[in-house]
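[1] got a predicted structure plus its sequence, pasted below:
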Amino acid sequence: MAEPRTMTINMGPQHPATHGVLRILLELDGETVIAAKPIIGYLHTGIEKNMEAKTYTQALTMTDRMDYLAPLSNNLVYVGAIEKLMEVEVPPRAEYVRVIMTELTRIASHLVWLGTHAIDIGAMSMLLYCFREREKIVQMYEFVSGVRMMASYFRVGGLTNDIPAGFDKRVKEILDTFPAKINEYEGLLTENRIWRNRTIGVGVVSAEEAINSGLSGPNIRGSGVAWDLRKSNPYSYYDKFEFDIPTGKNGDVFDRYKVRLTEMRQSLRIVSQAVEGIPEGPFITADRKIAPPPKPEVLQGMEQLIHQFKIYVHGFCPPKGDVYFAIESPKGEIGCYIVSDGTKKPYRVHFRPPSFVNISALNKLVRGRMVADVIACVGSLDIVLGEIDR
Amino acid sequence: MFADILIMVLKVTVIFAGLMVAVAYATYMERKVVAHIQHRIGPNVAGPFGLLQPIADAVKLLFKETFPPGMVNKFLFIIAPIIAFVTACMSIAVIPVGDLVSIGGRQVELIISDLNIGILYIFAVTSLGVYGVVLAGWSSNSKYSLLGGLRSTAQMISYEVSIGLGIVGVLLLSQTFSISEIVRQQSGSIFNWYFFKQPIAFFVYFISAIAETNRNPFDLPEAESELVAGYHTEYSGMRFGIFFLGEYANMIMVSAIASSLFFGGWNGPFLPPVLWFVIKVVIFMFIYIWIRGTLPRLRYDQLMRFGWLILFPLGIVNVIVSALIVAL
């Protein structure tokens, strides 16, 4: 018999369904996938290297551009790492707002995932519905920080500015409307025969495989491992709020879909608890070596003026040393490793992007399946190329 | 004699022009309806309510360079869209769009050619339509196109069988192959519609017809998230436009056949028959678009399984049961 002949096909980097510029080298036997090799690097922007040339505060704005669908999670891991290194006390008001905003970010990120995942599988209207709801959250970013996407709202020691008046009212508006919207999505997809056919039993990862591949976030929870840094390794004020970690059973595309939808509801639950308890007080640390003093004081006092001048012209210098800090981003465990040489600029910043680790499991997911399943699997891993290539 | 020829030319011109306008505005309707399903507005700039949008699109496509990529089989590459389009339009010849009308004292039937084997003609012509897609996929010398072509070969041929079985259900009752005769049998009351006598046949026909025209949820040959654009990935300009027109012409034909065979064609009270025919076709087109705005896409193997293991046996059982009832 002749050698079985296979076809090599390049999916991407300009393919409509690879979420940015991912390129997958597929080896096909007819429509069956023999091997899938993700090739990355088309969106390399040198973010980590660039950060070495900026002061700590300036470099913060670059973190937004990594996972551009969840900018505030990136902000949080970066400022969290510096705060850990400098042992800064963050005021409670800032921590509450951080929790609210990062949970809203989680919902926004999951909404984009749901829309694009659904359109990959052919349900084209979902994209528009999800972006309609995401718009509300993006408007919240604009409301608090003035910027719709690259908010850079967090600062070392607290927030850029205090929350505007009417913040809690707008958050409650989201809390009131979103559960019905999530039900709407579920109504369109969860019980849909075609959707179930396309997702159940596709791209299965067992719990053991998931751990061995280093998956994190909803991808590992879909396989039944209740691993969530918010619970296992609480940062910020997450230990103050009640929420559940949804898990799946089979680790297929459908389970990961269910986990993310349930996570949105849990995020709403966290936000509803947090918005009730926002305490009064300062929004940024009182340590004048890290954060500038309030403007009225600057206009009155000599010392305060010097502080302001030093912060804006020079910046702050963390002690020598290195630090690793990780949080649960919408995509999984995002970690930040910073080496400080005691100057105003970081010596080295490195991120552990969840998407990068998650995409490496792709080959296992799709081997022996059909071309259409590759799209479903890539979608269900929820990757963002900005974060993978940095 | 001369008058006959004149009437014939007139009929062909009017019906064909009507089909072309319908195809153009089917694209407009699709964009508008899907837009409203998705909380958008849709085309609204060109002309009032964006009504001139199809013309703008056509002009744009006509002025674009039709660029054939290197290494393609030129002849097949050029002829494929023509086959797809022409075969899609040919079926209109045997569809009666209205009742008898009198023009200058003559009784004229509003049908280009009242073939006594009209349905067989439709089968023959639509089967040829597959060649357009297959040749486009194979001549493009692109892997995406090839996969699209392969998928559609299997899909369109398998679903053709189910389409046939659906129509046979009606044929058993009507005892004729002439579509105008079938439509006439359904006049009088709404309960004379074959839909009420052959509901299963209708569903088998309509679902298969969606697959046959490569529409969502069976739009695998051109699944844009998997195969970029499937068999017409490499096409540009008006050649691509012709594929597009062919697809819409196909949808209109399928809707026209469904309304003629199952829903009484031009029969209806008060309004003129032609209007009734148009209304029924528009309703079917709306259902097409509605489905597209709602459902995800099946996978290739699921599609084949659905066709052969569900629709096909269902069609056969329906034909056998109907045949028994007619015979007894």
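    Perfect, I can see it now. Everything numeric here is computed off the predicted structure, so don't read it as measured data.
[2] can you name the residue of the stretch 101-250 of chain A nearest to chain B?
    Closest contact between the stretch 101-250 of chain A and chain B, by Cβ to the nearest Cβ, is at A:Gly122 (2.8 Å). Every residue, glycine included, has its C-beta placed from N, CA and C.
[3] just checking, that residue touches B:Thr294?
    No. Contact between A:Gly122 and B:Thr294 fails when scored by Cβ atoms under 8 Å: they sit 10.2 Å apart.
[4] higher neighbour count, those two?
    Neighbour count, other Cβ atoms under 10 Å in any protein chain shown: between A:Gly122 and B:Thr294, A:Gly122 has more, with 27 against 16.
[5] near chain B, which residues of chain A?
    Residues of chain A lying near chain B by Cβ under 8 Å from any Cβ of the partner chain: A:7, A:9, A:15-17, A:30-31, A:118-125, A:128-129, A:132, A:188-189, A:192, A:194-195, A:197-198, A:370-375.
[6] now do 6 Å
    A:9, A:16-17, A:31, A:120-123, A:125, A:128, A:132, A:194-195, A:197-198, A:371-372, A:375 (Cβ under 6 Å from any Cβ of the partner chain).
[7] of the residues you listed, just the buried ones, PyMOL syntax please.
    What follows is the PyMOL syntax for the buried subset of the residues of chain A next to chain B, where burial is set by 16 or more other Cβ atoms under 10 Å in any protein chain shown:
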select buried, chain A and resi 9+17+31+120+121+122+123+125+128+194+195+197+198+371+372+375
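[8] next, count neighbours for A:Met370.
    20.
[9] what's it sitting at in phi/psi?
    Phi and psi for A:Met370, reported as degrees, to the nearest 10, are phi -100, psi 170.
[10] how about it, what does it touch?
    A:Glu31 (Cβ atoms under 6 Å, 6 or more residues apart in numbering or on different chains).
[11] distance of it relative to B:Ile79?
    A:Met370 is 31 Å from B:Ile79, where distance means Cβ to Cβ, to the nearest Å.
[12] could you check the pLDDT of B:Pro221?
    pLDDT recorded at B:Pro221 is 63.
[13] what's the answer for A:Pro16, then?
    63.
[14] can you tell me the SS state at the closest residue to chain A within the stretch 201-328 of chain B?
    The stretch 201-328 of chain B approaches chain A most closely through B:Arg297 (2.8 Å), counting by Cβ to the nearest Cβ. Per DSSP: H, G, I helix; E, B strand; the rest coil, the local secondary structure of B:Arg297 is coil.
[15] for it, grab the count of nearby residues.
    26.
[16] again with A:Arg196
    Neighbourhood size, A:Arg196 [other Cβ under 10 Å]: 14.
[17] same thing with A:Leu175?
    15.
[18] surely it meets A:Ser272?
    Yes. Between A:Leu175 and A:Ser272 there is a contact under Cβ atoms under 6 Å: 5.2 Å.
[19] near chain A, which residues of chain B?
    B:37-39, B:143, B:217, B:224-226, B:293, B:295-300, B:302.
[20] state the pair within those residues that is farthest apart.
    With Cβ to Cβ as the measure, no two of the residues of chain B next to chain A lie farther apart than B:His39 and B:Lys143, at 36.4 Å.
[21] quick one: which of these two has more around it?
    The residue with more neighbours, out of B:His39 and B:Lys143 and counting by other Cβ under 10 Å, is B:Lys143; that gives 17 against 11.
[22] distance of the more buried one from A:Gly379?
    22 Å.
[23] do A:Lys49 as well
    From A:Lys49 to A:Gly379 the distance is 31 Å (Cβ to Cβ).
[24] looking at the two, which one has more neighbours?
    Between A:Lys49 and A:Gly379, counted using other Cβ under 10 Å, the more crowded position is A:Gly379 (26 against 11).
[25] ok, and the closest non-adjacent residue to that one?
    Of all residues not flanking A:Gly379 in the chain, A:His117 sits nearest, at 3.8 Å (Cβ to Cβ, 6 or more residues apart in numbering or on different chains).
[26] what's the helix or strand for the one you found?
    Using DSSP states H and E, A:His117 sits in helix A:92-121.
[27] could I have the CA atoms of the following helix or strand past that helix written out in PDB?
    Once the chain leaves helix A:92-121, the next helix or strand it forms, by DSSP H and E, is helix A:125-145. What follows is helix A:125-145, C-alpha atoms only, in PDB (Å, rounded to 0.1, in the frame of the first residue of the first chain):
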ATOM      1  CA  SER A 125     -25.300  37.000  16.600                       C
ATOM      2  CA  MET A 126     -23.700  36.100  19.900                       C
ATOM      3  CA  LEU A 127     -20.700  38.400  19.200                       C
ATOM      4  CA  LEU A 128     -22.900  41.400  18.900                       C
ATOM      5  CA  TYR A 129     -24.900  40.600  22.000                       C
ATOM      6  CA  CYS A 130     -21.700  40.100  24.100                       C
ATOM      7  CA  PHE A 131     -20.100  43.300  22.800                       C
ATOM      8  CA  ARG A 132     -23.300  45.200  23.700                       C
ATOM      9  CA  GLU A 133     -22.900  44.100  27.300                       C
ATOM     10  CA  ARG A 134     -19.100  44.600  27.300                       C
ATOM     11  CA  GLU A 135     -19.700  48.200  26.300                       C
ATOM     12  CA  LYS A 136     -21.300  48.900  29.700                       C
ATOM     13  CA  ILE A 137     -18.100  47.700  31.400                       C
ATOM     14  CA  VAL A 138     -15.800  49.600  29.000                       C
ATOM     15  CA  GLN A 139     -17.900  52.700  29.800                       C
ATOM     16  CA  MET A 140     -17.200  52.000  33.500                       C
ATOM     17  CA  TYR A 141     -13.500  52.100  32.700                       C
ATOM     18  CA  GLU A 142     -14.000  55.400  31.100                       C
ATOM     19  CA  PHE A 143     -16.000  56.600  34.000                       C
ATOM     20  CA  VAL A 144     -13.400  55.900  36.600                       C
ATOM     21  CA  SER A 145     -10.200  56.500  34.600                       C
END
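[28] alright, I will stop here.
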